[in-house]
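Participant: Dropping a prediction and its sequence here:
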Amino acid sequence: MDILLQQIINGLVLGSMYALIALGYTMVYGIINLINFAHGEVLMVGALTSWTIIGLMKDGMPNTPGWLILLIALVIACIVAATLNFVIEKVAYRPLRNSPKLAPLITAIGMSILLQTLAMIIWKPTNKAYPNLLPTDPIHVAGAVISPTQVMILSVTAFSLVVLMWLVNYTKLGRAMRATAENPRVAALMGIRPDMVISATFIIGAVLAAIAGVMYASNYGIAQHAMGFLPGLKAFTAAVFGGIGNLAGAVVGGILLGLIEAIGSGYIGTITGGVLGSNYSDIFAFIVLIVMLTLRPSGLLGERVADRA
């Protein structure tokens, strides 16, 4: 029972990170029907930027409290990631908006490889130890253990989701986003500028990815140039699992995928008689993807490209 509770906690932490990344995929897909495969690399740039800022601040201001360093690093990482995604959209995707579906997809994969290579040049292709800036005393919950870093991850995710839902449902920008997702041409006739809305969507997605990147690096204590690929792929799986184009679906898909992966990795050794260890946990995400695409291609909550504005 203790193992199950521990794996549920781990699954919620992992799932909340997947949910944040999946929201970026879903929002972009909902508005311009593009799967932005460079999204995982935006996460990686956010994590490595925060690692650089933390290093500089620790050297320059050694007496600053850890939580403040992490907060400043997070804000700067979000700004860098948002700028990067804004530029990617303008340079790589906007010229291809009316071209065949395959062109932007290939461009997205190319952009992903380009960003990985640039990160390798800037930050060197080595694993970087990500400093733990929060207290390390574990918190005991009914036989399971949760670290302050994991509490921070769950809290920041919950806060980010609340802000995003408020933004999409109760602001002018949110209304413009929903209208553009519904019909960009009609939205343009109503005085909405689709280009501005699409840029804003990419910026919001990048901020969520940067937050997830900093949390991912904090949780695992490591950052490197290829760290965004697998979380990006799994978050895409989560978006498909929940129903791509559906914001609530991305959150549900991400959290369920995290739980399936964590609980599966806790029991995979027992189930297979010790043949497979917990290091095979990645297979669960893709088994879920195959099963979902076979049985219910529209996802758990159904593919919904827009709420009625």
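Facilitator: Ah, there it is. Numbering: from 1, shown residues only.
Participant: hang on, isn't L14 packed against G258?
Facilitator: Yes. Applying C-beta atoms under 8 Å, one finds L14 in contact with G258, separated by 3.7 Å. For glycine as for every other residue, the C-beta is placed from the backbone atoms N, C-alpha and C.
Participant: who has more neighbours, those two?
Facilitator: Between L14 and G258, L14 has the larger neighbour count (other C-beta atoms under 10 Å), namely 27 against 24.
Participant: Next one: the more buried one from T294, what distance?
Facilitator: As judged by C-beta to C-beta, to the nearest Å, L14 and T294 stand 24 Å apart.
Participant: Next, the distance between the ends of stretch 239-258.
Facilitator: 12 Å (C-alpha to C-alpha, to the nearest Å).
Participant: Sorry, slip of the keys, the one I care about is stretch 236-253.
Facilitator: 10 Å.
Participant: That stretch: how far from the chain's middle?
Facilitator: Taking the mean C-alpha point of stretch 236-253 and that of its whole chain, the gap between them comes to 12 Å (C-alpha atoms, centre = their mean, to the nearest Å).
Participant: Average pLDDT for that stretch, rounded please.
Facilitator: Summarised as a single mean, pLDDT over stretch 236-253 is 88.
Participant: ok, and what's touching it?
Facilitator: By C-beta atoms under 8 Å, 6 or more residues apart in numbering, the residues outside stretch 236-253 that reach it are 15, 18-19, 21-23, 25-27, 29-30, 35, 37, 39, 161, 164-165, 168, 181, 254, 256-257, 285-286, 288-289, 292-293, 298-306.
Participant: again, but for stretch 295-305
Facilitator: In this structure, residues lying in contact with stretch 295-305 by C-beta under 8 Å, 6+ apart are 30, 33, 181-182, 240-246, 248-249, 252-253, 256, 292.
Participant: and if you look at stretch 211-221?
Facilitator: Under C-beta under 8 Å, 6+ apart, the answer for stretch 211-221 is 13, 17, 20-21, 42-47, 50-51, 70, 73-74, 77-78, 81, 129-130, 132-134, 149-150, 152-153, 156-157, 160, 223, 227-228, 231.
Participant: Next step: the residues you listed restricted to helices.
Facilitator: The helices in this structure, assigned by DSSP state H, contain 13, 17, 20-21, 42-47, 50-51, 70, 73-74, 77-78, 81, 149-150, 152-153, 156-157, 160, 231 from those.
Participant: Does I192 touch A181 like I think?
Facilitator: No. Between I192 and A181 no contact is recorded; they are 11.1 Å apart, counting by C-beta under 8 Å.
Participant: Would you mind measuring from A262 to L276?
Facilitator: 15 Å.
Participant: ah, wrong one, I meant G11
Facilitator: Applying C-beta to C-beta, the value for G11 to L276 is 18 Å.
Participant: Between those two, which is the more surrounded one?
Facilitator: Comparing G11 with L276 by other C-beta under 10 Å, the one with more neighbours is G11, at 22 against 14.
Participant: which stretch of helix or strand covers that one?
Facilitator: In this structure, G11 sits in helix 2-32 according to DSSP states H and E.
Participant: on that earlier part again, filter the contacts of stretch 295-305 down to the ones in helices?
Facilitator: Judged by DSSP H, the subset of these located in helices is G30, A181, E182, V240, F241, G242, A248, G249, V252, G253, L256, M292.
Participant: With respect to G266, which of those residues is nearest?
Facilitator: The shortest separation between G266 and any of the ones in helices among the contacts of stretch 295-305 is 15.7 Å, and it belongs to L256 (by C-beta to C-beta).
Participant: And the pLDDT at that closest one?
Facilitator: At L256 the predicted local confidence, pLDDT, stands at 92.
Participant: And it, how far from I113?
Facilitator: For L256, the distance to I113 equals 30 Å [C-beta to C-beta].
Participant: Separate out the buried members of the contacts of stretch 236-253.
Facilitator: Neighbour-count burial (16 or more other C-beta atoms under 10 Å) applied to those gives 15, 18-19, 21-23, 25-27, 29-30, 35, 37, 39, 161, 164, 168, 181, 254, 256-257, 285, 288-289, 292, 298-301, 303-304, 306.
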